[in-house]
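Participant: let's see this in three dimensions:
(chains A, B, C and D)
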There are 4 protein chains.
Amino acid sequence: MFEALKQARKQSAQKTELKRLLSDCDRLLGEAGESISVSLARQALGRFHKMDQDTRLGFYDTLASRYNPNLAEIEKAVAAYTASKDPRDLIRITQAAEPPRQELLRRLNRAPEGTAIIVQMREEILGRLKKSPQLAAVDADFEHLLSSWFNPGFLRLEKIDWNSPAHLLEKIIQHEAVHAIDGWADLRRRLEQDRRLFAYFHPALPDEPLIFVEVALVPDMPAAIGPLLDRKATPDSDRKNYKVATFYSISNCQPGLKGIHLGNFLIKRVAEYLKAEFPSLKTFCTLSPIPTLASFLSSRHPFERTPFSPKQSVELQALREEVRGFLASGAEHSESTLALIQKLCAAYLLQTSPDEQIASDPVARFHLNNGARLERINVNADPSAKGGRQSFGLMVNYAYDLGDIETNHERFVAGEVIASRQVKNLIS
Amino acid sequence: MFEALKQARKQSAQKTELKRLLSDCDRLLGEAGESISVSLARQALGRFHKMDQDTRLGFYDTLASRYNPNLAEIEKAVAAYTASKDPRDLIRITQAAEPPRQELLRRLNRAPEGTAIIVQMREEILGRLKKSPQLAAVDADFEHLLSSWFNPGFLRLEKIDWNSPAHLLEKIIQHEAVHAIDGWADLRRRLEQDRRLFAYFHPALPDEPLIFVEVALVPDMPAAIGPLLDRKATPDSDRKNYKVATFYSISNCQPGLKGIHLGNFLIKRVAEYLKAEFPSLKTFCTLSPIPTLASFLSSRHPFERTPFSPKQSVELQALREEVRGFLASGAEHSESTLALIQKLCAAYLLQTSPDEQIASDPVARFHLNNGARLERINVNADPSAKGGRQSFGLMVNYAYDLGDIETNHERFVAGEVIASRQVKNLIS
Amino acid sequence: MFEALKQARKQSAQKTELKRLLSDCDRLLGEAGESISVSLARQALGRFHKMDQDTRLGFYDTLASRYNPNLAEIEKAVAAYTASKDPRDLIRITQAAEPPRQELLRRLNRAPEGTAIIVQMREEILGRLKKSPQLAAVDADFEHLLSSWFNPGFLRLEKIDWNSPAHLLEKIIQHEAVHAIDGWADLRRRLEQDRRLFAYFHPALPDEPLIFVEVALVPDMPAAIGPLLDRKATPDSDRKNYKVATFYSISNCQPGLKGIHLGNFLIKRVAEYLKAEFPSLKTFCTLSPIPTLASFLSSRHPFERTPFSPKQSVELQALREEVRGFLASGAEHSESTLALIQKLCAAYLLQTSPDEQIASDPVARFHLNNGARLERINVNADPSAKGGRQSFGLMVNYAYDLGDIETNHERFVAGEVIASRQVKNLIS
Amino acid sequence: MFEALKQARKQSAQKTELKRLLSDCDRLLGEAGESISVSLARQALGRFHKMDQDTRLGFYDTLASRYNPNLAEIEKAVAAYTASKDPRDLIRITQAAEPPRQELLRRLNRAPEGTAIIVQMREEILGRLKKSPQLAAVDADFEHLLSSWFNPGFLRLEKIDWNSPAHLLEKIIQHEAVHAIDGWADLRRRLEQDRRLFAYFHPALPDEPLIFVEVALVPDMPAAIGPLLDRKATPDSDRKNYKVATFYSISNCQPGLKGIHLGNFLIKRVAEYLKAEFPSLKTFCTLSPIPTLASFLSSRHPFERTPFSPKQSVELQALREEVRGFLASGAEHSESTLALIQKLCAAYLLQTSPDEQIASDPVARFHLNNGARLERINVNADPSAKGGRQSFGLMVNYAYDLGDIETNHERFVAGEVIASRQVKNLIS
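Facilitator: Numbering: from 1, shown residues only, chains lettered A, B, ... in the order given. A predicted model of the protein is given here:
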């Protein structure tokens, strides 16, 4: 009972703090707020920082309900502008339609550590979105502002290596999402002279990598991930052998930045950087997973997109059934089964669509949309359990020809999947 | 005639470039643009960079005419939301009402040097605004974005001293707007140990100070500017004498950032910084000009604001006539004339209003709105020609008490001018 | 047989390289060498770098035999100076008596990486000294020069923490010689906010720590090493608790710098540094091993130095026999045995002598000579096997009172061991 | 009379301080000194710092008289070694013959700022050397140590440009000794993109350039200094035009480092640096004064060195008389006179000797000894008054072919002046 009392007191204290936080927010937005906004914002974020999860959700709900645009004011401004064509009325429309919480966030952002806390708020809101769909507009406002602030023009590209601060390397270990890093010795291999690791940083979060990419400098386009990750392989110190730069892993570090696309910018910046460092580099490519291959093959989704003729679609469908049979039997994947799977994989990837209307692999969509070419499909490329489960051990090389990126991208958007002859031949 | 031909060709070439630039902009905004936006933006800004003034104006005019919100879409979204209360409809309103040129600027900003060029565009638009009032909405969009990007939370405070790079010091010399710096020797005096100079920088413009403030560390609140600027005065190296930090000059360096208020943030950051370095500092104050005093005294603007009784107003008006007589006579300002002017100055400053409804001095409004106190009015404080012309040589100390700033600011916004007894006594 | 041939060829090639190296050295020392010395030195060290161990030893032997002073020239110069008293003759003496290999080393040092290679040469020479006593004079020349170059005035003190480059931290793990660091997690505990690690660096070896010291910031003078090293203990983030700075480990990293004493400078620099950072620090002390205690107790060395009366010496001798009996019995050390050992330890340390004439513990001599005070002898302080073997688990606190260091040092040099009352009481 | 009393007191105080300083020095050198040497050295240098000029001279005199080697000890060690051949006796010789003041300086150097003060001491000793020849041995010891410490392997090459700290640029202006820099605008021209300025720094004097060189990047080997210094000339930003790197000025900044030759190292380091930055650079050369030409022509020094036949010498002598006649007439130098002077200049420079036995120009000796080639003699090259006085306006290009430097240097040391055909033809 004493515990219950304590709990009640705590809840009441949190409630009071929430009220004070909202009062701070109102003052920040008020006429008086501009001039003392830094200290007001600091105070508000200080309160927020000490709040428990429930109280924070209360805060987000208030953001959703209280700081919305005034519809009447919008309509009045639209009517005025329609009549006057005066740019001042146009300005009124824009201002009236912007939810006041955007200005609130901009002012909170004036506090030291403001950006970090706003990114964290977004992470919490995203985690709540399913349960509280009314937060969608709040989330949209966060995304809108974060997208403006985390503009690639404001980011700093940094090479991470064995000279980097330990606390940064620790974060790399922790955030690697594709091929997990198993401790410091494993990391060290990935930072040797024939490997590269680059990350984007924002000036307001100087110690936090936003996204990073790992690259292997090798003589030939790699057909399997094992040799790239082999911790015992001797680093190749002969720069003359660096003919191919392979992007073999890319990881986001900030869940609060979901939807702020940095990966495509990062890949291109890094490719330019490496091209300048090693003019002899001929090829930029990835070695990528196909996370949805197995689930596509076991689904009912049709092979439907150009370039397949109806006849081809039917044949592919038949092949799929055959493969399913093999797989269902639980036998080891024989060479001939893998060859069939490779064929179906080619068909699946060749129908990748820029929008979500046709079933497509997200990694394929990402790289093709960035202007890459579907270059090669490798069997026995990923021996890990996850690789077997997702894609029967297959992996893909997407190739980035720096000169063709724009054209490829536009052709992809217009409906064409750019692929090598080798891949196309798999299904002809 | 040959010259005319050359001219015509050049114009035609510029016209073509403008068309191409606008086409780049359309692609940037199109579905296809996101993924290749950095190179598209670089190309577009490259074109812009080489354009002549006229063609640029054509570009700005197109920004005003082409990239406006779709009114019908706004109205539809408002109607939908009114009916549904679905946050997705709310998002549609906000998106529809934001002029597409904002997104265009955000994407242009992805290019290297993007921010610098956008700031420069704004400067040119501002210079054109009177002649082309239709640019007002374009300017509002620029200001809106720049204000979000040049958030004080993103700025870096830097101490500038004799160890700073020469190219930076050169810019300080060039931008000092209050008390001109007469060459390197003059600058050096302002960087000695009993002086401080701080500037704000943005990460995207690392070599460009945005705004800077100059401070003198002195034993007493200064009553005249001469001793602070005296190049031959021996620097005071005894830290024990630093009792008063006097902000004696503050200059903006980027005309393209007009309306992005950084001065108040800078003053408070610097005051906190100095307080930490010299815990013995007792007073933070300014020594400021009164740029509008002379023009107010020669105008017909009444003394009207509280705290003046109607009787006082009449008396002040009479005094003003008396002073005008003296001044019109062309005689040297005698001590008694100066005493009268000082009294009128007190009256003028004591009626400073937070908005523009009552005639007020902009420097006074700036500091009072920031939470400063009107502390002292000094005669014979500025012997320069400009000082004589603007304010008969008078200058003002505004005092910043770090603990009172918020309250003072809010009282000022509510209608009260915070002033010392000494100033108030001048008119009682 | 083929192998033998290959071997013979290799040996012959090495012999040729040695000849060329010696020829480079002669040219470096010749009149012509000054002006092109950098490239000559680079070439010579390049050859050296590729030599095998045997050939290098041949090089060191030649250093010993060929580059010695000319005795006749010395005697002539002494005679001349005795007659003339002309300072130019004095200069001739000094120059004649300096072995030419010193100038050779100075010129080799002009090459990039020169210093690193010279330090490495010294390490190899030291390893060979017992077998090749004729290298003693060569070693003396190396030590002389290295001592001049690794002057503490030229060294840079650096704080090592979790922001330091990984390659540096890796070297710390590898060189810790007192309390081994068991991987990155162990290291990290030693870099938390209540721990400090400082190293000395030389500008010519920017990536190589020369010597480092580890410090714990704790509320009380620690009586055992366990809590200081406990990886699971929560770091104490409350600066108010930092009353005592305990130096608990000091490690040399460069065997080639043997005899260049940096430890005492490091301890004092760090103490001053910490005193400035935490003015509230009251005590600077060590928690040190007594590496020779067990071997002293089992030896025949007498207790001989003041302050022991002959009677005391006899008593101590008897105690020693008693302890030996206990220890020989193989039984666990009882509390009473440990009390006896503590008493004998006090007696042993109280006879520490600044020179090597009286059997003394080297750690005690080091700290007492540096001006520390023998403060406390702790039983059950070091539970490690090594601690048991060396000193039955006893450890010592030496206290550094910054104000008394000079006096303490001079009293110690004059024959007095500065000790606390508590320690002295142990034997009275 | 009161003044005299004050003066006497001051002198007496200085005398006391000198005694104390000497006592500090003795303690530093004593057995006790090692361990507390940093604080002792700091104290001693603190005293020195406050001493007046006379007292300092007294200190230097004591250095000369008190800290000399013990001759008897040297002789004993030589005798012992002669008998024993024991390397320990050899070590004794070396130690005995080194003046104790060397160790004293090494220990003083442990104090913060120690190196700076020792360099300053040397400057004062050099200034006194003529009057006090007994200081020669002291000076030799300073030079010996400074030469070891300011080893080029320890120095840092830095590019100085318009981004460099103002305080550094100020020192460049102040120390330029060849072509004076007339203020900041003049300096700025020398830091534009087609100019370079490099300086050597020592880690113990991080803010003090030791020596610097100025370079012009130009299309052709320059025949006159005027265009290189022309402040109004537009910088050439086209890197393709940088074919020739011309070293047009080299200045020492530290008089206390006299005799420590850094210039030749600097020129070669900079040439390598520029070659790496601009692989297209074809030629490295100087544009140098001939400071002794006029005085040689008006002297009686013969033309004597190879390659002149006795007949040639006589002819040259005759020419010299002829030129003297012209010059004595006070008329403007006609073209034909200048042609004669150019011929005589060629003859003078072609007899440059590596030692001082033959009258030679010091600048010529410096560059030829460094491995440069005498490339071209330019008339009307230096219009300044100093240039006219020293060398009738003539200047010389010395060419540095990076591949030939070593051979050239060795041929010069062996007696040959390396010169272009063009120069040799002048006298044939």
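Participant: quick one, strands of chain A?
Facilitator: Listed in chain order, the strands found in chain A under DSSP state E are A:156-159, A:195-201, A:211-218, A:244-252, A:283-286, A:373-378, A:395-400.
Participant: of these, which stretch is the most buried?
Facilitator: Among the strands of chain A, ranked by average contacts under mean count of other CB atoms under 10 Å in any protein chain shown, first place goes to strand A:395-400 (a mean of 24). For the C-beta atoms, the positions are set from N, CA and C on the backbone; glycine is no exception.
Participant: tell me what that one is packed against?
Facilitator: helix A:263-277, strand A:283-286, helix A:362-369, strand A:373-378 (3 or more CB pairs under 8 Å, 6 or more residues apart in numbering or on different chains; DSSP states H and E).
Participant: cutoff 7 Å now
Facilitator: strand A:283-286, strand A:373-378 (3 or more CB pairs under 7 Å, 6 or more residues apart in numbering or on different chains; DSSP states H and E).
Participant: next, count neighbours for A:Arg128.
Facilitator: Around A:Arg128 there are 18 other residues, counting by other CB atoms under 10 Å in any protein chain shown.
Participant: could I get the strands of chain A as CSV with distance to A:Gly58 and mean pLDDT?
Facilitator: Shown next, in CSV, are those (distance: least, CB to CB, whole Å; pLDDT from 0 to 100):
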stretch, distance to A:Gly58, mean pLDDT
strand A:156-159, 37, 96
strand A:195-201, 33, 97
strand A:211-218, 32, 97
strand A:244-252, 29, 96
strand A:283-286, 44, 97
strand A:373-378, 49, 97
strand A:395-400, 46, 97
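Participant: including distance to C:Ala44, could these go into CSV?
Facilitator: Shown next, in CSV, are those (distance: least, CB to CB, whole Å):
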stretch, distance to C:Ala44
strand A:156-159, 35
strand A:195-201, 35
strand A:211-218, 34
strand A:244-252, 39
strand A:283-286, 43
strand A:373-378, 51
strand A:395-400, 47
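Participant: and the stretch 251-400 of chain A, which of its residues are near chain B?
Facilitator: Within the stretch 251-400 of chain A, the residues that sit near chain B (CB under 7 Å from any CB of the partner chain) are A:Asn264, A:Phe265, A:Lys268, A:Asn369, A:Asn370, A:Gly371.
Participant: go again using 6 Å as the cut-off
Facilitator: Residues of the stretch 251-400 of chain A lying near chain B by CB under 6 Å from any CB of the partner chain: A:Asn264, A:Asn369, A:Asn370.
Participant: and A:Ala77, how close does it get to A:Lys6?
Facilitator: 52 Å (CB to CB, to the nearest Å).
Participant: ugh, typo on my part, it should be A:Gly58
Facilitator: Relative to A:Lys6, and taking CB to CB, A:Gly58 is found at 20 Å.
Participant: looking at those two, which one has more neighbours?
Facilitator: A side-by-side neighbour count of A:Gly58 and A:Lys6, using other CB under 10 Å, places A:Gly58 first with 17 against 10.
Participant: per-residue pLDDT, the residue nearest to the more buried one when sequence neighbours are not counted?
Facilitator: Leaving aside its sequence neighbours, A:Gly58 sits nearest to A:Leu18 (CB to CB, 6 or more residues apart in numbering or on different chains; 5.5 Å). pLDDT recorded at A:Leu18 is 96.
Participant: I figured A:Leu18 hits A:Leu57, correct?
Facilitator: No. Contact criterion CB atoms under 6 Å: A:Leu18 and A:Leu57 do not qualify, at 10.2 Å.
Participant: figure out which of the strands of chain A is closest to D:Trp184.
Facilitator: strand A:156-159 (32.5 Å; CB to CB).
Participant: packing partners of that closest one?
Facilitator: Judged by 3 or more CB pairs under 6 Å, 6 or more residues apart in numbering or on different chains; DSSP states H and E, strand A:156-159 is in contact with strand A:195-201.
Participant: ok, now how distant is the closest residue to A:Val178 other than its chain neighbours from A:Pro219?
Facilitator: Nearest residue to A:Val178 in three dimensions, chain neighbours excluded: A:Ser249, at 4.2 Å (CB to CB, 6+ apart). Remark: distance between A:Ser249 and A:Pro219 (CB to CB) = 20 Å.
Participant: residues touching stretch A:116-133, excluding its own?
Facilitator: With contact meaning CB atoms under 6 Å, 6 or more residues apart in numbering or on different chains, stretch A:116-133 is reached by A:Leu45, A:Tyr60, A:Leu135, A:Asp139, A:Phe142, A:Leu205, A:Gln254, A:Pro255, A:Gly256, A:Lys258.
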